[in-house]
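>>> when you get a sec, could you give me coordinates for this:
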Amino acid sequence: MQPLGPLCVLFCLARPLLGVAATESSSLSAPENVTIQSYNFNNVLKWSPVTAINGSVTYSVEWRFKTPIASEVKVWEKVNCTDITKPECNFNHERNHDCIILRVRAEQGELKSTWTETKPFRARQDTILGPPRAISLSSEGTTIHISFLPPFEHPENKIEYFEYLIEYWEESTSEILRNLSKNRRETFKNLKERTVYCFQVTASIPHVNLTCQKSKTKCKETTTDPTRILHVVLIFGFAIFILIGIFVCIMLIQKYRSVIKAIWKPPLTIPSHFEEDLQNLHTTVVEEFQNCAGEDHWDNVSEISEQRQTVTDNFTDQNQELAVEEHR
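Presented below is the predicted three-dimensional model:
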């Protein structure tokens with residue numbers, strides 16, 4: 001029985017070492033690949049699953065605010081992710097301006113892993129802002145209307161909360177035009193007729209440097225300007241009206257020519273100095289006749305008359321001689 005003494009002593013000395021080895025072999029490893037994914041302020045903490053020893057593993061998540069005071073006591077608060085089995089946790093909170101740190105550990109009964117902390121996270125700067133939703137285009141002549149909804153509905157989602165960068169271009173060209181607006185509906189006027197225009201919208205938060213996603217490209221074709229069509233119709237109608245008016249005037253003139261002539265014939269009025277001369281016409285003619293009679297032109301007239309009478313007599317004698325000869 002004596003040889004058992006040294007064995008007992010060795011067993012007693014080795015027992016603490018065996019306990020330590022058993023404890024180390026039964027501990028849980030800490031979660032790895034811990035990341036934060038934030039999209040439209042929807043924050044999700046994710047990590048790689050931890051291998052269980054016996055049974056299933058659960059996880060607990062805590063968070064605290066990071067302050068610039070290094071000596072401040074770190075106060076960890078539980079998130080609504082306690083005793084969860086899925087390796088992810090939604091930790092949305094309303095204080096998007098604050099910087100927070102999260103930590104997660106694995107648990108299995110009495111066994112608990114060490115905590116794994118994340119890097120400081122501020123949702124207002126680290127989230128990814130999605131594109132505007134429900135983009136709608138409508139055309140009206142050379143005008144295109146665009147309307148859309150914000151990336152998400154949020155208590156802070158007021159009209160002035162977002163800014164929208166609207167990029168548009170002709171489908172056949174690469175020149176991009178930009179328009180910055182706070183409204184959810186914009187109108188683009190004086191575009192080219194019968195031309196396809198494409199649009200992309202990006203939402204952002206003023207004075208905040210965020211990763212913002214663009215919307216899908218949507219295109220719309222303009223039509224003919226109704227104002228120009230109206231002008232053409234009016235000009236054409238006015239021209240037809242003028243032609244009809246001219247035709248009617250010509251027909252009326254031809255039909256009522258005598259009446260129009262009588263109406264438009266100017267009255268014949270004799271100037272007053274001519275009228276006085278006409279009233280004294282008889283006296284004037286007699287005086288002129290007497291004046292002419294006093295002049296010495298009668299000799300010439302008489303001589304011409306005698307010559308004309310001689311020629312006439314000779315012509316008459318010749319005619320009589322011809323008639324006698326014919327009679328013979």
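>>> from here on, just use CA atoms for contacts and neighbour counts.
Fine.
>>> could I get the pLDDT score of the residue nearest to residue 106 when sequence neighbours are not counted?
Leaving aside its chain neighbours, residue 106 sits nearest to residue 59 (4.6 Å; criterion: CA to CA, 6 or more residues apart in numbering). Residue 59 carries a pLDDT value of 95.
>>> and what of residue 229?
Taking residue 229 on its own, its pLDDT is 69.
>>> residue 249: what's it in contact with?
By CA atoms under 8 Å, 6 or more residues apart in numbering, residue 249 lies in contact with nothing.
>>> for it, pull up the helix or strand it's in.
helix 226-255 (DSSP states H and E).
>>> list the buried residues in the next helix or strand after that helix.
Where DSSP H and E defines the elements, the next helix or strand beyond helix 226-255 is helix 257-264. Neighbour counts over helix 257-264 (16 or more other CA atoms under 10 Å) mark no residue as buried.
>>> okay, the angle between helix 257-264 and helix 226-255?
Here helix 257-264 points in a direction 90 degrees away from that of helix 226-255 (axes from the mean of the first three to the mean of the last three CA atoms, to 10 degrees).
>>> now do the helices in the stretch 1-150 of the chain.
Here the stretch 1-150 of the chain has its helices, by DSSP state H, counting those that start in this stretch, at 4-25, 123-126.
>>> again, but for the stretch 151-300 of the chain
Ranges of helices within the stretch 151-300 of the chain are 226-255, 257-264, 272-279, 281-293, 298-327, based on DSSP H, counting those that start in this stretch.
>>> so where's the stretch 151-300 of the chain uncertain?
The model of the stretch 151-300 of the chain has pLDDT under 70 over residues 154-160, 226, 228-229, 264-300.
>>> swap the cut-off to 90 and go again
The model of the stretch 151-300 of the chain has pLDDT under 90 over residues 152-161, 172-174, 206-210, 224-241, 243, 245-300.
>>> quick one, what contacts the residue nearest to residue 106?
Residue 59 touches 81, 82, 83, 84, 85, 86, 87, 104, 105, 106, 107, counting by CA under 8 Å, 6+ apart.
>>> redo that, cut-off 6 Å
Taking CA atoms under 6 Å, 6 or more residues apart in numbering, we find residue 59 in contact with 83, 84, 105, 106, 107.
>>> is it true that residue 179 touches residue 168?
No - look at residue 179 against residue 168 with CA atoms under 6 Å: they stay out of range, at 8.4 Å.
>>> okay, those two: which has more neighbours?
residue 168 (21 against 12; other CA atoms under 10 Å).
>>> do I have it right that that one meets residue 174?
No - taking contacts as CA under 6 Å, residue 168 lies outside contact range of residue 174: 9.9 Å.
>>> the helices of the stretch 1-150 of the chain: lowest mean pLDDT?
helix 4-25 - the lowest mean pLDDT of those, at a mean of 43.
>>> how is the protein partitioned into domains?
Domain assignment for the chain by automatic domain parsing gives 25-126, 129-224, 227-261.
>>> residues in contact with residue 260?
For residue 260, no residue meets the contact criterion (CA under 6 Å, 6+ apart).
>>> and it, how far is that from residue 249?
Going from residue 260 to residue 249 by CA to CA, to the nearest Å gives 12 Å.
>>> where along the stretch 1-150 of the chain do the strands fall?
32-39, 42-48, 58-65, 77-84, 88-90, 100-108, 111-112, 116-117, 128-129, 133-140, 143-149 (DSSP state E, counting those that start in this stretch).
>>> against which helices or strands is the fourth one packed?
So that's strand 77-84. strand 58-65 (3 or more CA pairs under 6 Å, 6 or more residues apart in numbering; DSSP states H and E).
>>> within its sheet, name the partner strands of the strand it packs on and how each one runs.
Using DSSP bridges, strand 58-65 pairs in its sheet with strand 77-84 (antiparallel), strand 100-108 (antiparallel).
>>> what residues sit buried inside the first one?
Neighbour counts using 16+ other CA under 10 Å place 79, 81, 84 of strand 77-84 among the buried residues.
>>> how far away is the nearest residue to residue 97 once chain neighbours are set aside from residue 149?
Closest residue to residue 97 apart from its sequence neighbours, by CA to CA, 6+ apart: residue 124 at 5.6 Å. Distance of residue 124 to residue 149, computed by CA to CA: 20 Å.
>>> ok, these two, which is more surrounded?
residue 124 (20 against 15).
>>> wait, the more buried one sits on residue 95?
No - look at residue 124 against residue 95 with CA under 6 Å: they stay out of range, at 9.0 Å.
>>> export the contacts of residue 59 to a markdown table and tack on distance to residue 184?
Formatted as a markdown table, the contacts of residue 59 follow (distance: CA to CA, whole Å):
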| residue | distance to residue 184 |
| --- | --- |
| 83 | 43 |
| 84 | 41 |
| 105 | 44 |
| 106 | 46 |
| 107 | 49 |
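>>> wait, which of these is closest to residue 243?
residue 84 (89.6 Å; CA to CA).
>>> return the residues in contact with the closest one.
Applying CA under 6 Å, 6+ apart, one finds that residue 84 lies in contact with 58, 59.
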